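*Asks:* got a predicted structure plus its sequence, pasted below:
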Amino acid sequence: MTDFLALPQPTPVNNTWAAPVLAAGFALVLGVAAFVLVIRARRGIRTTSDFLLADRTIGPGRNALAMVGGGLMYSTVIIIAGHVALSGFDAILLLTAFTMSTVLATLIYAGPVRNVGGYTLGDLFALRARERSARTASAVLTLVVYTMFMIAVLASIGLAASRMFSTSSTASTPFVATVIAVVGAVAILFVYLGGMPGVTRVLVLKVCLFIVLVAVLSVIIMVKYRMNLFHLLNDAQAKAAPNPRGDLLSPGRLFGKGATFASHQDPWVHLSKIFSVAAGALGIPFLFMRFFVATSGRDARRSAASASMIAVAFWQCLIILGLGATAILGGKNIGKAWDTRDITLPKLADNLGGKWMSGALGGVALLSVGTLFAVLLLNAVTAVVKDVNAARGRQLEPAAELKSIRRSVVVIGVLSIVVGTALAPLLTHIFIPTAIDLGGTCVLPAVVYSLFWRRFNTRGLQWTIYGGLALILLMVVFSNGVSGDPANAMFPHVNFKFIDFEPGLVGVPAGFLLGLIGTLTSRERNDAAFAEMRVRSLTGAVIHARPERPATDGALSDRKYQNQALTETH
Amino acid sequence: MATVSRTEVSDRYLAVYESARFATLRRRSNALIAWASALFYGWWLLVIFLAAFVPSFFRLRLVGPINVGLLSVFLSLNFVVVVSAVYLRLARTRLDPISEQIQADLEGDQ
């Protein structure tokens, strides 16, 4: 048993870049700034809708920034830059997959989902399936994704702490645990006080800081190369550590045979990772939540489109940073091992801008992962308060509901920190790709069917959500993230893996197939509900209950309403 | 408040759904989404499959250090911007006028 739990020792690094005092100073200043934003947001919170949805008053500009901010995490910024520096072209392709998934949000999710209204995915599902089943499915999915993501995000707070707030060559467990507890507690406080309005403001702050930081570093690199991108690319290519599978700037380093440890599944392994991210990233419930808070369906669509443009600019800068790191630091001096890729960006920041830049990156990174925990927590609380209560048939008084929400924030938050800190020493990074797989396997088919397929029903929904969930979790258990890979697995000393590719590759088509079979084997169908959902999702129209209603109206007398509408708008 | 029954609301949505105006909106919206998704994700799947299975094609040098692979990545990223911008524009000009009318009709009648 002790052998089973023996933890892999992370590769020690010679930490020359960290500026702990400056980083702590930056983190403190940013924390205080964020706290001020949260306190100011708190004044406006009176109802449940204020707390959970900012009363749908978040305009397209801010919402676009917040959408991008939700996607910026330790793995998608710090680690991916090191990944590009090390693996070049193949890693760049993975990075562009993040932006590909934002198109899905613009084209399919944003407008209709906001138009339908509601607080969670469950509100959309409930239009197409029996209320209770729909709510339960939404709650189960959201809470499973929350648990996984929360563990990985708290672990990344620990990573940020040991890479950028300490000069030690290995992670010190008490130090890491303390930082996780402190940052986690601050995030809980932010959610407790500020709810959605507060968390959105902090997200906007975080994303602006990250954009400025990444833009400044890119400009410094480009100036170093006299604005000549070709020089930069040539230099990166020349200085990269040689790799038998390919040059830095061409495919092969991750696609080539032998790229995955003890596996015959290349190039499908890397291909499946790219596919899963593109299909699933925007289906993750805590990112999905951003559509609900927009002022209207049209604004949701606008914010999703702007978010994808900002994301393209941001990740294009990150490509420059990754390749710039190889060119400037040299292939031997960047993070070379799988678990040290995250030293590359801090090291580059230190090289380009000295200790102040390194400290700034540390401060922004810590704010960033802390905010992410806050966003996740808010999403989990929304699912509990709205979906779980609805599934159990509980209807709370408005005043009691707000109290219950804040209580849930504290209970779920504290519980999460305890679990997350305890699991931090394990290699739990596998949970992020798994959550993304669930976004593609469960959320994508369920939402597409809900929005477009007349026949879709309760059993179809359940088969998609529970079938997809079971399939993905089963595949993950037998994947190389859990066993069989000494450097990469959660339990490196045992080996029962036979799946190296990302489960989403099978999961996404399987999710669609499960929904299809489930739906067709059930006789339930509700054409009226489909018609209502379609009208609502395409127009945003909501018919409110009225005390009286003339007997002659109806949509047939179109012209009358049209005239009335015209006079109203003038 | 509770005198409007669920079925009445349902009937009105159904009536709009069956109107010719809504059919136009639905057809345009579906066509736009289908075309944009097919073009965009078709291109993207082509890029990643070529990278995985025909790496020699992506290794072909074009200008200086730029090879076919890097050019495809660059095009894909900018394709995201183009698709988003074009979709926003078409949605505003082709979908919004009808959907705003229908919304105003349904809600203005209250």
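*Replies:* Sure thing, it's come through.
*Asks:* list the buried residues in the helix ranked longest in chain B.
*Replies:* If you go by DSSP state H, chain B has its longest helix at helix B:20-53. Applying a neighbour-count criterion of 16 or more other CB atoms under 10 Å in any protein chain shown, one finds B:21-22, B:25-26, B:28-29, B:32-33, B:36-37, B:40-41, B:44, B:47-48, B:50-52 buried in helix B:20-53. C-beta coordinates here come from the backbone N, C-alpha and C atoms, glycine included.
*Asks:* and those residues near chain A, which?
*Replies:* With CB under 8 Å from any CB of the partner chain as the criterion, the buried residues of helix B:20-53 include B:21-22, B:25-26, B:29, B:33, B:36-37, B:40-41, B:44, B:47-48, B:51-52 near chain A.
*Asks:* in stretch A:448-464, what's buried?
*Replies:* Within stretch A:448-464, the residues scored as buried using 16+ other CB under 10 Å are A:448-453, A:455-464.
*Asks:* show me what contacts the residue nearest in space to the middle of chain B?
*Replies:* The centroid of chain B falls nearest to B:Ile33 when counting by CA atoms, centre = their mean (3.3 Å). Residues in contact with B:Ile33 (CB atoms under 8 Å, 6 or more residues apart in numbering or on different chains) are A:107-108.
*Asks:* can you tell me how far it is from A:Cys442?
*Replies:* 21 Å (CB to CB, to the nearest Å).
*Asks:* quick one: name whatever helix or strand follows the helix or strand hosting A:Ser218.
*Replies:* Assigned by DSSP states H and E, A:Ser218 falls within helix A:173-224. Using DSSP H and E, the helix or strand that follows helix A:173-224 in sequence is helix A:229-239.
*Asks:* quick one: the helices in the stretch 51-200 of chain A?
*Replies:* In the stretch 51-200 of chain A, the segments counted as helices under DSSP state H, counting those that start in this stretch are A:60-71, A:80-87, A:89-104, A:110-116, A:121-126, A:131-164, A:173-224.
*Asks:* got those as CSV, with mean pLDDT columns?
*Replies:* Formatted as CSV, the helices of the stretch 51-200 of chain A follow (pLDDT from 0 to 100):
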stretch, mean pLDDT
helix A:60-71, 94
helix A:80-87, 94
helix A:89-104, 92
helix A:110-116, 93
helix A:121-126, 92
helix A:131-164, 93
helix A:173-224, 95
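*Asks:* of all those helices, which lies closest to A:Leu438?
*Replies:* helix A:131-164 (5.6 Å; CB to CB).
*Asks:* buried residues, the closest one. List them.
*Replies:* For helix A:131-164, by 16+ other CB under 10 Å, it's A:133-164.
*Asks:* just give me the neighbour total for A:Val414.
*Replies:* Neighbours of A:Val414 under the rule other CB atoms under 10 Å in any protein chain shown: 14.
*Asks:* flag every residue of the stretch 351-500 of chain A that's near chain B.
*Replies:* Counting by CB under 8 Å from any CB, the stretch 351-500 of chain A sits next to chain B at A:Phe452.
*Asks:* which residue does the stretch 351-500 of chain A bring closest to chain B?
*Replies:* A:Phe452 (7.7 Å; CB to the nearest CB).
*Asks:* pLDDT score for A:Ser479?
*Replies:* We have a pLDDT of 88 for A:Ser479.
*Asks:* now the helix holding A:Ser218 against helix A:60-71, angle please.
*Replies:* With axes from the mean of the first three to the mean of the last three CA atoms, to 10 degrees applied, the angle from helix A:173-224 to helix A:60-71 works out at 120 degrees.
*Asks:* residues contacting B:Arg92?
*Replies:* With contact taken as CB under 8 Å, 6+ apart, B:Arg92 is in contact with A:Arg298.
*Asks:* surely A:Thr200 meets A:Ile58?
*Replies:* Yes: with contact defined as CB atoms under 8 Å, A:Thr200 and A:Ile58 form a contacting pair (5.8 Å).
*Asks:* from the buried residues of stretch A:448-464, which is closest to A:Ala305?
*Replies:* Using CB to CB as the measure, the one of those that approaches A:Ala305 most closely is A:Leu451, at 18.1 Å.
*Asks:* mind listing what the closest one touches?
*Replies:* Going by CB under 8 Å, 6+ apart, A:Leu451 touches A:108, A:112, A:124, A:533, A:537.
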